[in-house]
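Novice: have a look at this prediction, sequence included:
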Number of protein chains: 2
Amino acid sequence: MKPNVAAAKAALSHLELDENPATIRNKSRDFFWYSPVLKAEMDHLEADFVVNPKSEAEVIEVLKTCYAHDVPVTCRGGGTGNYGQAMPLAGGCVMHLTGMNKIKEIGQGYVVAEPGIIIKEMDAELKEKSGQELRMFPSTYSQASLGGFIAGGSGGVGSANWGALRDLGNINRLRVVTMEAEPQVHDFTGEELHRVSHAYGTNGIITEIEMPLAPAYEWVEMFVRFDTFRAATEFAGALTKEPGILIKLASVYAAPIAHKYFQRVKAHVTENDHLCGLMVAPQSMDGFKTLLDRFDEGEVIYRSDKVEWDRHPGPVYEYGWNHTTLRALKFEKDLTYLQVRYGGDVEKVMNAYEAFKDDLYMHLEVMREGSGISYAGLPIVFPKDKAELDDLVARHEAMDCMIFNPHRYTLEEGGRQSTDQRQLDFKREADPKGLLNPGKMIAWDDPEFDYADMYSYAKILPKPQEEPAQ
Amino acid sequence: MKPNVAAAKAALSHLELDENPATIRNKSRDFFWYSPVLKAEMDHLEADFVVNPKSEAEVIEVLKTCYAHDVPVTCRGGGTGNYGQAMPLAGGCVMHLTGMNKIKEIGQGYVVAEPGIIIKEMDAELKEKSGQELRMFPSTYSQASLGGFIAGGSGGVGSANWGALRDLGNINRLRVVTMEAEPQVHDFTGEELHRVSHAYGTNGIITEIEMPLAPAYEWVEMFVRFDTFRAATEFAGALTKEPGILIKLASVYAAPIAHKYFQRVKAHVTENDHLCGLMVAPQSMDGFKTLLDRFDEGEVIYRSDKVEWDRHPGPVYEYGWNHTTLRALKFEKDLTYLQVRYGGDVEKVMNAYEAFKDDLYMHLEVMREGSGISYAGLPIVFPKDKAELDDLVARHEAMDCMIFNPHRYTLEEGGRQSTDQRQLDFKREADPKGLLNPGKMIAWDDPEFDYADMYSYAKILPKPQEEPAQ
Ligand SMILES: Cc1cc2nc3c(=O)[nH]c(=O)nc-3n(C[C@H](O)[C@H](O)[C@H](O)COP(=O)(O)OP(=O)(O)OC[C@H]3O[C@@H](n4cnc5c(N)ncnc54)[C@H](O)[C@@H]3O)c2cc1C
Ligand SMILES: Cc1cc2nc3c(=O)[nH]c(=O)nc-3n(C[C@H](O)[C@H](O)[C@H](O)COP(=O)(O)OP(=O)(O)OC[C@H]3O[C@@H](n4cnc5c(N)ncnc54)[C@H](O)[C@@H]3O)c2cc1C
């Protein structure tokens, strides 16, 4: 099964192809460099060609043609994934979907859209036309696509109220095209959504999406300063728990993050200040202030509806989620981050805070979760090498803190470190030749893979220096 | 301090007074008869006159005049309270507020309204003008006033998502008039809201209300049948916990309630069927069905968006909250109900279910609460007399199930059985003569009252047969 790239390209020449080598290189890369590990492993990857379909019919044509010629297809939305999700491990075709960017229908409480629409633009149109917005978005709001969020993301700004993207009810319907001799079109709802959501485009291409909506409010964005990390953490948790206070974001940045890495906040905090970044609905500001007053400390130093700072800090959500690390990276090249789940217990967070005092800067995002809330950690870490990073991961796991490793490009290693049988089963149906984003689903390539064996998995185009490019 | 009713009436004769004795009697009564205990104690109560103010200025005039003449004032909204809250224990003036029924301002996420507006009419106007609705309403939706809900209610349809009315953020601002020589007008927010919310109008009259709003959806109302009470309870709890599934109501009616008391449901269930009554946002129906499928049992027998029954059952919320008991009362005169808090633990509910199998029919409402959810019980009970009712209460308390006793007309006995210092302090300020709804706040009359001493408190006009009417 050798790909016949030339034949596929020729057959697709009536579609919009990118010919410029710089463009091809660009569209073969995402935010993988975010991880020093991935940076080293993936920097050389490049597609053979890029195609920009404008409709589901064109997507079908691309998939059918590449199937016939055994050419791998890696789908790309905004290209903001930070695990190299959208990078063509095996070369071949990158199918770039931002040309499929229309809202097809807006109803009370829901929207139907094409996958390539940029989330921020989508929200602007939704707000203008219906006073609504998406329930949640990644902090890469201004660049990420809706399809990429569903296929590659997990939650974000809005999860403080609505939970994770995978929680029931947060995606309503996905239309999916398979990669077969005759591509099929499926409409998935219910349990079937999990076949393709967060599957990195390894088992089907999403061409239409129905999402639930929430009302668009003029969210009040705030920074609140605390003397202790415990107080900031407890307050963010208590705020998220209040059923009558509507919020969209509750981030906690331990000292010295704000002073060290938040340029426009620096003047307003000391290196000992712990900060919460919040988004609260305007009609919940009275409840918010009342709750804050019940805490001994906690001082609002910034609010977006009454900006008193000389330099506008920009949107507060661009300080949270993965943007915290991004801001830190602008100051120090040698840091990176981890993804930790502490559950809802503040004491567990505090134990980790104490245990890792010398190793990392704590950063939390509070999310609603079935039984209450959950603290998701995205701590900033400074490992000298892979061994030190592994050690940090192992020490977290020893404390029963679950890790989603952001230094792996496979679905399983970056996720729950186990096979998702539903995704695998559907890949067998939908991608019999294994051409969709190959190398990303371990279960497909190596069902016996042992996840204890960190970083040993690699199914990737060899680096040019190791083997000359063909 | 003897009331001079005649002088007060004369001074207020330019306002709208009700003169008809039948109207006066009517407007002196509420749903107190709901409790056999209260029925016996309060049936004879009657105001001396009824006034219907149309504005805050008129409210002030009534309060000032009645203050001058030492006439008690009991405020009345829709008169649907079921603890006799709006009944004039000491006679005097009933001030009926449904003439103050205007919406003053609608914004994105909030509304400002007068207190006498009927909640259902308010929601209809909100929906028409802005696509919004109140977050929650009592099941007496079609008759209750907004002011009465705030001064006398605790939560209801919508609490499955937003928690209790007293939770932070569920009331934004209350404008309150005091009863002094010169009545004062206060605007309360934050902690000050608790001075007058759920205070039965004992320490101020609410003349303007700002409430948060939620989007108005075409809620899908459903009945779901289960073979076991446990399954129904677990499902209702799980549904309420899901952060991504938007619901407004999750009631559980143990067998044989539905078969015995729900006339239009009867044909569709057996006497062994346990039922859930639900309201789910249309955009959450996919999530709902997926969750239901994860449960072994659970069958949707009715949904409002596809009615297949010969006889329409009416709104499902009129089967929940206190309406469950109301429906039962139509079939059997000698039953009543209790109000129990079980917390979030299904096992505690199940223990109570087993322990009280021979004494009551279980009815639960699931609410969101800080740490997760809480099961509120409104079981139907069949006590022969007060002694048996007391015994049931005591047995619940022995199992650590908190009781809010709906067979008492005082604030404290029907509530948390303790003095609310904020309410008492404000009464001292706002009602120095103790003329506002006298007899309802024990702490005012008898600070040393021992709550262990159930039913011993009574500050009420004597019954005519005991003492001839003056
Ligand atoms: C600074 C920073 C902050 C971030 N914050 C968050 C955050 O808060 N929450 C979060 O969840 N993620 C976050 N991310 C990760 C990422 O930005 C988001 O998941 C984003 O939604 C991805 O969208 P995209 O369009 O850029 O997807 P891409 O990177 O283009 O693609 C992501 C994956 O989805 C696949 N894919 C894309 N479109 C389709 C389709 N139509 N059908 C099938 N597969 C498809 C791709 O093949 C790839 O595997 C962050 C990343 C960075 C660098
Ligand atoms: C069948 C049934 C079902 C019910 N379901 C619910 C439920 O789901 N949830 C719930 O919370 N309650 C419920 N109740 C109780 C009651 O219906 C509600 O609390 C309702 O909101 C009361 O509103 P109302 O206008 O009828 O008040 P009223 O009965 O007129 O008054 C209630 C109390 O508020 C005071 N008051 C009224 N207006 C003002 C004002 N402007 N300023 C100061 N004080 C004022 C009155 O003096 C009185 O003490 C139910 C009752 C029945 C009989």
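Specialist: In hand now; what should we look at? Ligands and ions are numbered 1, 2, ... in the order given.
Novice: compute the number of surrounding residues for the one residue in the stretch 351-470 of chain A that gets nearest to ligand 1.
Specialist: Closest approach between the stretch 351-470 of chain A and ligand 1, counting by Cβ to the nearest ligand atom: residue A:437, at 5.3 Å. From N, CA and C alone the C-beta is placed, and that goes for glycine too. Residue A:437 is flanked by 28 other residues according to other Cβ atoms under 10 Å in any protein chain shown.
Novice: thought it was touching residue A:73?
Specialist: Yes: here residue A:437 reaches residue A:73: they are 7.4 Å apart, a contact under Cβ atoms under 8 Å.
Novice: quick check: the residue of the stretch 351-470 of chain A closest to ligand 1 vs residue B:143, distance?
Specialist: 60 Å (Cβ to Cβ, to the nearest Å).
Novice: centroid residue for chain A?
Specialist: Closest residue to the average C-alpha location of chain A: residue A:153 at 3.4 Å, with Cα atoms, centre = their mean.
Novice: ok, it - contacts?
Specialist: A:81, A:138, A:144, A:165, A:198 (Cβ atoms under 8 Å, 6 or more residues apart in numbering or on different chains).
Novice: and the first one, which of the three is it?
Specialist: Put simply, residue A:81 is coil when judged by DSSP: H, G, I helix; E, B strand; the rest coil.
Novice: checking the residue of the stretch 101-250 of chain A found nearest ligand 2 next. Helix, strand or coil?
Specialist: Residue nearest to ligand 2 within the stretch 101-250 of chain A (Cβ to the nearest ligand atom): residue A:244, separated by 14.7 Å. Under three-state DSSP, residue A:244 falls in the coil class.
Novice: so what's it up against?
Specialist: Contacts of residue A:244 by Cβ under 8 Å, 6+ apart are A:284, A:287, B:135, B:162, B:163, B:167, B:168, B:169, B:170, B:212.
Novice: wait, residue A:137 sits on residue A:156?
Specialist: Yes: Residue A:137 is within contact range of residue A:156, at 5.6 Å (criterion: Cβ under 8 Å).
Novice: re earlier: just give me the closest of the contacts of residue A:244 to ligand 1.
Specialist: Of the contacts of residue A:244, the one sitting nearest to ligand 1 (Cβ to the nearest ligand atom) turns out to be residue A:284, at 22.0 Å.
Novice: thinking again about what came up before, look up how far residue B:156 lies from the nearest residue to the residue of the stretch 101-250 of chain A closest to ligand 2 once chain neighbours are set aside.
Specialist: Excluding its sequence neighbours, the residue lying closest to residue A:244 (Cβ to Cβ, 6 or more residues apart in numbering or on different chains) is residue B:169, at 3.5 Å. Noted for residue B:169: a distance of 16 Å to residue B:156, by Cβ to Cβ.
Novice: residue A:198 now?
Specialist: Shown here: residue A:198 relative to residue B:156, a distance of 38 Å by Cβ to Cβ.
Novice: before we move on, what about residue A:84?
Specialist: Remark: distance between residue A:84 and residue B:156 (Cβ to Cβ) = 51 Å.
Novice: just residue A:56 next, same as before
Specialist: 46 Å.
Novice: give me the residue from chain A nearest ligand 1.
Specialist: residue A:148 (2.0 Å).
Novice: circling back to that earlier point, need phi/psi at the residue nearest to the centre of chain A.
Specialist: phi -100, psi -180 (degrees, to the nearest 10).
Novice: just the helices in the stretch 201-350 of chain A please.
Specialist: A:229-241, A:257-261, A:285-294, A:322-329, A:346-355 (DSSP state H, counting those that start in this stretch).
Novice: residue A:174: what's it in contact with?
Specialist: Here residue A:174 is in contact with A:150, A:187, A:188, A:193, A:196, A:197, A:206, A:208, A:209, A:210 (Cβ under 8 Å, 6+ apart).
Novice: right, and the fourth one touches residue A:171 too?
Specialist: Meaning residue A:193. Yes: when contacts are counted by Cβ under 8 Å, residue A:193 is listed as touching residue A:171 (5.4 Å).
Novice: next one: the residue of the stretch 351-470 of chain A closest to ligand 1, what pLDDT does it get?
Specialist: pLDDT for residue A:437: 97.
Novice: same question for the one 4 residues further on.
Specialist: Confidence per residue is given as pLDDT, and for residue A:441 that number is 93.
Novice: so is the helix or strand of chain A with the lowest mean pLDDT next to ligand 1?
Specialist: Sorting the helices and strands of chain A by mean pLDDT, DSSP states H and E puts helix A:411-414 at the bottom, at a mean of 85. No: against ligand 1, helix A:411-414 shows no contacts by Cβ under 6 Å from any ligand atom, the least distance being 8.7 Å.
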